[in-house]
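Enquirer: Give me a model of this one.
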Amino acid sequence: MTVCDVMYLKRYSEVTRSPILYQRMGRLYRKMIVPLAVRKAFKVITISRFSADDIKCHIPFLEDSDIIVAYLATHAVFRILVGLATDDVMRTYGLSEGYILAVGGTDPRKNTEFMISNYIRLKREGKITEKLVVAGVANWRKSSFYAMVRRANCTGDVSFTDFISVEELAALYKGARAVLYLSLYEGFGIPALEAMTCGVPLITSNTTSIPEIVGDGAMVIDPTDSAAFTRSLVRLLNDEPLRKELIARGLERAKEFSWKKNAETALSIYTNAVHA
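Expert: Here you go, the predicted structure:
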């Protein structure tokens with residue numbers, strides 16, 4: 001049985017309640033079903049050492065040997081490709097290369113409001129000049145995020161996208177000067193790996209699974225610390241040697257993750273289960 005994370009077993013003080021009814025119902029369903037299903041599992045596959053420890057914490061009848069980590073990887077499009085077309089995506093969203101890309105969403109744990117509000121503050125203080133692109137916000141025109149941007153008179157500085165294709169997302173990574181991924185809780189954190197794979201310097205969270213995934217390939221900060229956000233982003237945008245170092249380290253770190261490794265781990269477990 002594969003269990004990616006157990007955020008649905010946590011208190012709302014740890015993982016904030018989603019405003020979306022479908023997500024809340026899904027959380028309740030998994031809270032009821034997963035612990036029961038795990039009791040019948042031969043082994044539990046999960047996606048990070050953090051998730052393995054978290055599963056053990058919330059489902060304590062499991063032994064350490066019952067849980068095996070099989071790291072995820074990225075879609076093949078998320079890599080540096082010579083001549084990767086970004087012009088159409090740039091025109092679609094009215095962008096030119098050199099913006100800050102925030103990978104967010106409406107779920108509170110994605111911390112999108114924190115990233116936008118701190119960007120607006122830095123823009124007002126004149127500490128940054130780059131535009132901000134926030135990807136992955138469904139119905140963004142009706143969102144509280146867009147309302148915040150309008151109140152700040154920053155609609156010319158902040159662009160949003162709805163859900164987009166992997167090809168469009170890869171193009172947005174390629175055009176970015178920096179990527180922000182400051183999620184509060186992740187079982188793995190695929191966008192962090194996507195950014196490193198695309199060769200874009202990344203500022204990400206020092207929480208949950210994310211440091212385990214990025215290693216030394218990104219700047220990691222407290223995702224609730226506005227002062228750390230300011231220091232890191234201003235430095236990253238203005239320190240070219242640091243940018244180049246992070247790009248190189250990120251690309252090297254990303255090489256450690258592949259679907260081939262993931263499949264080999266899973267196959268060995270399935271094979272053992274058949275012959276048990």
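Enquirer: From now on I want contacts and neighbour counts done on CA atoms only, so please keep to that.
Expert: Noted.
Enquirer: Strands of the stretch 151-276 of the chain, start to end?
Expert: Along the stretch 151-276 of the chain, counting by DSSP state E, counting those that start in this stretch, strands occupy 158-160, 176-181, 202-205, 219-221.
Enquirer: Kindly reformat these as a markdown table and extend each row with mean neighbour count, mean pLDDT and distance to residue 132.
Expert: Listed next are the strands of the stretch 151-276 of the chain as a markdown table, based on neighbours: other C-alpha atoms under 10 Å; pLDDT from 0 to 100; distance: least, C-alpha to C-alpha, whole Å:
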| stretch | mean neighbour count | mean pLDDT | distance to residue 132 |
| --- | --- | --- | --- |
| strand 158-160 | 20 | 96 | 5 |
| strand 176-181 | 24 | 97 | 9 |
| strand 202-205 | 27 | 98 | 14 |
| strand 219-221 | 20 | 98 | 18 |
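Enquirer: Please produce a markdown table containing these, extended by distance to residue 1.
Expert: Formatted as a markdown table, the strands of the stretch 151-276 of the chain follow (distance: least, C-alpha to C-alpha, whole Å):
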| stretch | distance to residue 1 |
| --- | --- |
| strand 158-160 | 37 |
| strand 176-181 | 29 |
| strand 202-205 | 28 |
| strand 219-221 | 31 |
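Enquirer: right, and these - which one's nearest residue 58?
Expert: Across those, residue 58 has its closest neighbour in strand 202-205 (22.7 Å, C-alpha to C-alpha).
Enquirer: Report the distance from the closest one to the chain centre.
Expert: 9 Å (C-alpha atoms, centre = their mean, to the nearest Å).
Enquirer: repeat for stretch 148-158
Expert: Using C-alpha atoms, centre = their mean, the offset of stretch 148-158 from its chain centre is 24 Å.
Enquirer: got it, and stretch 116-123?
Expert: Distance of stretch 116-123 from its chain centroid, counting by C-alpha atoms, centre = their mean, is 20 Å.
Enquirer: what comes up buried for that stretch?
Expert: Buried positions in stretch 116-123, judged by neighbour count with 16 or more other C-alpha atoms under 10 Å: 116-120, 122-123.
Enquirer: Return the set of buried residues in the helix or strand bottoming out on mean pLDDT in the chain.
Expert: Lowest on mean pLDDT, DSSP states H and E among the helices and strands of the chain sits helix 87-93, with a mean of 84. Neighbour-count burial for helix 87-93, counted by 16+ other C-alpha under 10 Å, picks out 89-90.
Enquirer: which helices and strands sit right next to the following helix or strand past that helix?
Expert: Next along the chain after helix 87-93, taking DSSP states H and E as the criterion, comes strand 99-103. Using 3 or more C-alpha pairs under 8 Å, 6 or more residues apart in numbering; DSSP states H and E, the elements in contact with strand 99-103 are strand 132-135, helix 166-175, strand 176-181.
Enquirer: out of these, which comes closest to residue 152?
Expert: When the helices and strands packed on strand 99-103 are ranked by proximity to residue 152 (C-alpha to C-alpha), strand 132-135 comes first, at 13.8 Å.
Enquirer: Using CSV, list the CA coordinates for that closest one.
Expert: Below are the C-alpha coordinates for strand 132-135, written out as CSV (Å, rounded to 0.1, in the frame of the first residue of the first chain):
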residue,chain,number,x,y,z
LEU,A,132,5.5,38.2,-9.4
VAL,A,133,3.7,35.3,-11.1
VAL,A,134,1.5,33.1,-8.9
ALA,A,135,0.8,29.8,-10.6
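Enquirer: roughly how far is it from the heart of the chain?
Expert: 14 Å.
Enquirer: Mind listing the strands it pairs with, and their directions?
Expert: strand 99-103 (parallel), strand 158-160 (parallel) (DSSP bridges).
Enquirer: Out of these, which is closest to residue 190?
Expert: strand 99-103 (10.5 Å).
Enquirer: Give the other helices and strands that the next helix or strand along the chain from that closest one contacts.
Expert: Past strand 99-103, further along toward the C-terminus, the next helix or strand under DSSP H and E is helix 112-124. On a contact count with 3+ C-alpha pairs under 8 Å, 6+ apart, helix 112-124 meets helix 144-151, helix 226-238.
Enquirer: let's see it at 7 Å
Expert: With contacts defined as 3 or more C-alpha pairs under 7 Å, 6 or more residues apart in numbering; DSSP states H and E, helix 112-124 has no helix or strand neighbours.
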